[in-house]
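Peer 1: build the 3D model from these lines:
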Amino acid sequence: MKPLICACVAMLALMQVNIALADRQPEDDEQMVSDPRIQHRSYVFTQTGESLPYALFIPSSYEPENGPIPLIVALHGLGRSYDWLMGYEGFLDYAEQYGFMVVTPLGYTRRGWYGSRPTPDADDGLRSEADVMEVLAEVREE
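Peer 2: Numbering: from 1, shown residues only. Alright, predicted model coming up:
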């Protein structure tokens, strides 16, 4: 009986860790890149009413009356800040040179995994993907 109790306690502890990882933390909204060409923005996430950040780069050559331009949606790695990809050396210079926009959504949390794995809160995995899609809609609408 004792091994069964130990296994149950261990499983509950692991569930608590996973639940803690799914919660939004203050560091989820931290920005790392301070390049003046980057617009750090936020919007109200439909599913939760929370304000979520994203970063946007628009090349100086962009003229809305000339129609749409290419857009790269760059997703950060697990645990990274939402804007860290914009800090890659030469990345924004390349975007400027070839005339494309870059947007880097948060994905709801730094640990969101964009819906690729289940979490104890089933909605949390979907929130990552929904955040990306809402940011994409915001940028396209603008």
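Peer 1: point out where the protein drops to low pLDDT.
Peer 2: Within the chain, the segments meeting pLDDT under 70 span 1-22, 113-125.
Peer 1: all helices of it, in order?
Peer 2: 2-22, 91-98, 122-141 (DSSP state H).
Peer 1: what is the neighbour count of the closest residue in space to residue 131 that isn't next to it in sequence?
Peer 2: In space, and not counting its chain neighbours, residue 131 is closest to residue 108: 4.6 Å by C-beta to C-beta, 6 or more residues apart in numbering. Quick note: C-beta positions are derived from backbone N, CA and C, even for glycine. Using other C-beta atoms under 10 Å, residue 108 has 28 neighbouring residues.
Peer 1: let's number from 36 now, not from 1
Peer 2: With 36 as the first residue, the last one maps to residue 143.
Peer 1: from residue 100, how far out is residue 143?
Peer 2: Counting by C-beta to C-beta, to the nearest Å, the separation of residue 143 from residue 100 is 34 Å.
Peer 1: repeat for residue 59
Peer 2: For residue 59 relative to residue 100 (C-beta to C-beta), the value is 39 Å.
Peer 1: try residue 162
Peer 2: 36 Å.
Peer 1: more crowded one of these two?
Peer 2: residue 162 (25 against 4).
Peer 1: list the contacts of the most centrally placed residue in the chain.
Peer 2: Closest residue to the average C-alpha location of the chain: residue 141 at 1.7 Å, with C-alpha atoms, centre = their mean. Each residue near residue 141 by C-beta atoms under 8 Å, 6 or more residues apart in numbering is listed here: 63-64, 87-89, 111, 117, 147, 166.
Peer 1: how close does the spatially closest residue to residue 79 that is not a sequence neighbour sit to residue 131?
Peer 2: Using C-beta to C-beta, 6+ apart and skipping the chain neighbours, the partner closest in space to residue 79 is residue 86 (5.9 Å). As judged by C-beta to C-beta, residue 86 and residue 131 stand 29 Å apart.
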